[in-house]
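Chemist: Sequence and predicted model, in that order:
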Amino acid sequence: MSTPVTSQVIDVQNYFGGAWHKSSASEYSNVTNPATGEVIGRTPLSSKTEVDTVVQAAAAAFPAWRRTPAGERIQYLFRLKNLLEEHIDELSKLITLENGKTFAEAKAEWRRGIENVEVACGIPIMMQGYNLEDITPGVDETLIRQPLGVVAAIVPFNFPAMIPFWFLPYAIACGNTFVLKPSERVPLTVRRTMELIEKTGIPKGVVNIVNGGREVVDALCDHPTVRAISFVGSTPVAKHVYQRSAAAGKRMQCQGGAKNHVIVLPDADMDLAKQIISDSAFGCAGQRCLAVSVAVTIGEAQKTFRDAIAEAASSIKVGFGLDTGVQMGPVISPASKQRIEGLIAQGVSDGAKPVVDGRNPKLANYEGGNFLKPTVLDGVPASSSLADTEIFGPVLSLIHADTIDEAIEFIRKSPYGNQASLFTTSGAAARKFRYEAPAGNIGINIGVAAPMAYFPFSGWKESFFGILHAQGKDAVEFYTESKIVVERWSRQETRKF
Ligand code: NAD
């Protein structure tokens, strides 16, 4: 049964200087419920001038925020954690409405977001520097960490809550002021979250939101007052932001797209592999940057795994994520559905066999939704564009290899390096894989090797541009500048008081 959405279309505003402001944009982008096609909001495509106003508000708040002791800054985060916990159901429902993932997936996303708030509450310890007395007699040296100033984050549609929280808590806990550019496709979760941030009593201008698309992104990259940019999205845009921000002298961390491989050895626990790989490939309708997209089977796993995954894929209940029993929602847009179906057709014409074909499903009452069912393609030729292209949909390609070395070679050839997984009961194979697999997040009998908030979200090759990653200790280093102080006080020490 369909759940009513919103009684009105929400006109999204920008937030800066402690208040909501209607954008002067002449163009808006529609926010739609991907399960119904219904318009539920409108995102203003703000201008370069509006970006400047927002950045100036953040810059004005920086001196006082920077002087606020770290122990006091984190009190706002403790309050925010409690508010997010209190409102988690309402916030999760919003994610389902604008992004399409199921309510359970949305709630799990919020748990990951909240975890980052919890970790950033440790900033009074994490931000500490270090020192050494007597680097030469009577001279001491100290490293201290200081905030950068105004920092910005540009985020994608697939995690409307968690990805902003890879950045926001650390940036402000370190004493920076923050500008967020949400995805124009899913701005409603951030909008509601900002209302809760406001309730913490955080000083005006510490957290700001500017909505929009490409013009806003470019204006943030170019703005001389913005000291650092955190970006998450597709590889071409990640590269663009990396290059453009570098030209403006900023520090950046840009996370891009992915094509994740899992290797299934014949000694794997096939029941476990089937369930976990099915969750990884089809959870969130395959719209996760850590979703497994290619399974490389070795030896007799070619048949045992193919049969098991086909059964798991066929049993997944697809529908509107707020309806009872639904396990997989729609993809984000009609264009995305069309692109994914086109890629499946390409794979089939290149010689792959659709063991489970999820194209064009008919869902009663949801004719306007962007639905696909899970799809499993067997025997995808390595030469097919499907083997290399990021699909970002519920499609799993099966490829067969004779040895683990041959399978690792597939991963090596991939332009991406976000995640690679292995299913086995052999410790020696696991160790070899961990040692050799060229990806930044490794899963051993794990389908989505997502790091906890106290570890960095690594990504290699075209999945990441920069050095310091999101989350954990990397985030603290990214959002602070180190300063060295060398001191000599030896004359005063020898004086008699
Ligand atoms: P996207 O690249 O289309 O958009 C990301 C952000 O960039 C949005 O805020 C958007 O407004 C902006 N943008 C889009 N086109 C732009 C352009 N031409 N110039 C300047 N800015 C532009 O990505 P998406 O479709 O929202 O998200 C899906 C992608 O994100 C996938 O490729 C996925 O793998 C990737 N992703 C990566 C990670 C990771 O950790 N590596 C995590 C989540 C998502």
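Modeler: Sure, I can see it.

Chemist: OK, contacts around the residue sitting nearest the centre point of the chain?
Modeler: Nearest to the mean C-alpha position of the chain, by CA atoms, centre = their mean, lies residue 163 at 4.2 Å. For residue 163, the contact set (CB atoms under 8 Å, 6 or more residues apart in numbering) comprises 155, 156, 232. Every residue, glycine included, has its C-beta placed from N, CA and C.

Chemist: Kindly report the same for residue 462.
Modeler: Counting by CB under 8 Å, 6+ apart, residue 462 makes contact with 235, 239, 256, 257, 415, 416, 417.

Chemist: Just the closest of these to the ligand, please.
Modeler: Nearest to the ligand out of the contacts of residue 462 is residue 257 (CB to the nearest ligand atom; 3.3 Å).

Chemist: Not counting residues beside it along the chain, what's closest to residue 319?
Modeler: residue 326 (4.1 Å; CB to CB, 6 or more residues apart in numbering).

Chemist: Need the three-state assignment for the one you found.
Modeler: What DSSP: H, G, I helix; E, B strand; the rest coil gives for residue 326 is coil.

Chemist: any idea how far it lies from residue 142?
Modeler: From residue 326 over to residue 142 the distance is 56 Å, taken as CB to CB, to the nearest Å.

Chemist: Can you pick out the residue with more neighbours from the two?
Modeler: residue 326 (18 against 14; other CB atoms under 10 Å).

Chemist: For the residue of the stretch 201-350 of the chain found nearest the ligand, list the residues it contacts.
Modeler: At 2.6 Å from the ligand, residue 233 is the closest residue in the stretch 201-350 of the chain, using CB to the nearest ligand atom. Contacts for residue 233 (CB under 8 Å, 6+ apart) come out as 154, 155, 156, 255, 256.

Chemist: ok so, going back, ok, the residue nearest to residue 319 - contacts?
Modeler: Taking CB under 8 Å, 6+ apart, one finds 102, 317, 318, 319, 320 in contact with residue 326.

Chemist: neighbours of the nearest residue to the first one once chain neighbours are set aside, just the number please.
Modeler: Read it as residue 102. In space, and not counting its chain neighbours, residue 102 is closest to residue 321: 3.7 Å by CB to CB, 6+ apart. Using other CB under 10 Å, residue 321 has 29 neighbouring residues.

Chemist: Relative to residue 328, how far out is residue 321?
Modeler: 8 Å.

Chemist: Could you do residue 58 as well?
Modeler: 39 Å.

Chemist: Which positions in stretch 475-486 come out as buried?
Modeler: For stretch 475-486, the neighbour count (16 or more other CB atoms under 10 Å) marks 475, 476, 477, 478, 479, 480 as buried.

Chemist: Tell me the bridge partners for the residue nearest to the last one when sequence neighbours are not counted.
Modeler: Ranked by CB to CB, 6+ apart and with sequence neighbours excluded, the top spatial neighbour of residue 480 is residue 145, at 3.9 Å. On the basis of DSSP bridges, residue 145 takes part in beta bridges with residue 482.

Chemist: ok, residue 145 - contacts?
Modeler: Residue 145 touches 127, 128, 129, 174, 476, 480, 481, 482, 483, counting by CB under 8 Å, 6+ apart.

Chemist: Residue 443 bridge partners, please.
Modeler: Under DSSP bridges, the beta-bridge partners of residue 443 are residue 421.

Chemist: Now do it, the pLDDT please.
Modeler: As predicted, residue 443 sits at a pLDDT of 98.

Chemist: wait, doesn't it sit right on residue 420?
Modeler: Yes - counting by CB atoms under 8 Å, residue 443 does reach residue 420; the two are 7.4 Å apart.

Chemist: Between the two, tell me which one has more neighbours.
Modeler: Between residue 443 and residue 420, counting by other CB under 10 Å, residue 420 is the more crowded of the two (31 against 24).

Chemist: pull the CA atoms of the longest helix seen in the chain into PDB?
Modeler: Longest among the helix segments of the chain by residue count, using DSSP state H, is helix 48-67. The C-alpha trace of helix 48-67 is given here as PDB (Å, rounded to 0.1, in the frame of the first residue of the first chain):
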ATOM      1  CA  LYS A  48      27.800  32.200  -7.900                       C
ATOM      2  CA  THR A  49      26.800  35.400  -6.100                       C
ATOM      3  CA  GLU A  50      24.700  33.400  -3.600                       C
ATOM      4  CA  VAL A  51      27.600  31.100  -3.000                       C
ATOM      5  CA  ASP A  52      29.700  34.100  -2.100                       C
ATOM      6  CA  THR A  53      27.100  35.300   0.400                       C
ATOM      7  CA  VAL A  54      27.000  31.900   2.000                       C
ATOM      8  CA  VAL A  55      30.800  31.700   2.200                       C
ATOM      9  CA  GLN A  56      31.000  35.200   3.700                       C
ATOM     10  CA  ALA A  57      28.600  34.200   6.400                       C
ATOM     11  CA  ALA A  58      30.800  31.200   7.200                       C
ATOM     12  CA  ALA A  59      33.900  33.400   7.200                       C
ATOM     13  CA  ALA A  60      32.300  35.900   9.600                       C
ATOM     14  CA  ALA A  61      31.600  33.100  12.100                       C
ATOM     15  CA  PHE A  62      35.100  31.600  12.000                       C
ATOM     16  CA  PRO A  63      37.100  33.800  14.400                       C
ATOM     17  CA  ALA A  64      34.700  33.300  17.300                       C
ATOM     18  CA  TRP A  65      34.200  29.600  16.600                       C
ATOM     19  CA  ARG A  66      37.900  29.000  16.300                       C
ATOM     20  CA  ARG A  67      38.400  30.500  19.700                       C
END
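
Chemist: quick one on the thing from earlier: just send the buried residues of stretch 475-486 back as CSV, with secondary structure and pLDDT too.
Modeler: CSV is the format used below for these (DSSP: H, G, I helix; E, B strand; the rest coil; pLDDT from 0 to 100):
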residue, secondary structure, pLDDT
475, helix, 98
476, helix, 98
477, helix, 98
478, helix, 98
479, coil, 98
480, strand, 98
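
Chemist: Just the closest of those to the ligand, please.
Modeler: For the buried residues of stretch 475-486, the nearest to the ligand is residue 475 (13.5 Å; CB to the nearest ligand atom).

Chemist: what does the stretch 251-400 of the chain have sitting close to the ligand?
Modeler: By the criterion of CB under 6 Å from any ligand atom, the positions of the stretch 251-400 of the chain lying close to the ligand are 255, 256, 257, 258, 289, 390, 392.

Chemist: wait, isn't the fourth one in contact with residue 419?
Modeler: So that's residue 258. Yes - if you go by CB under 8 Å, residue 258 and residue 419 touch, sitting 6.8 Å apart.

Chemist: Which of these two has more residues huddled nearby?
Modeler: residue 419 (33 against 29).

Chemist: got the contact list for the more buried one?
Modeler: The neighbours of residue 419, taking CB under 8 Å, 6+ apart as the test, are 258, 260, 290, 292, 439, 440, 441, 442, 443, 448, 449.

Chemist: Thanks a lot, catch you later.
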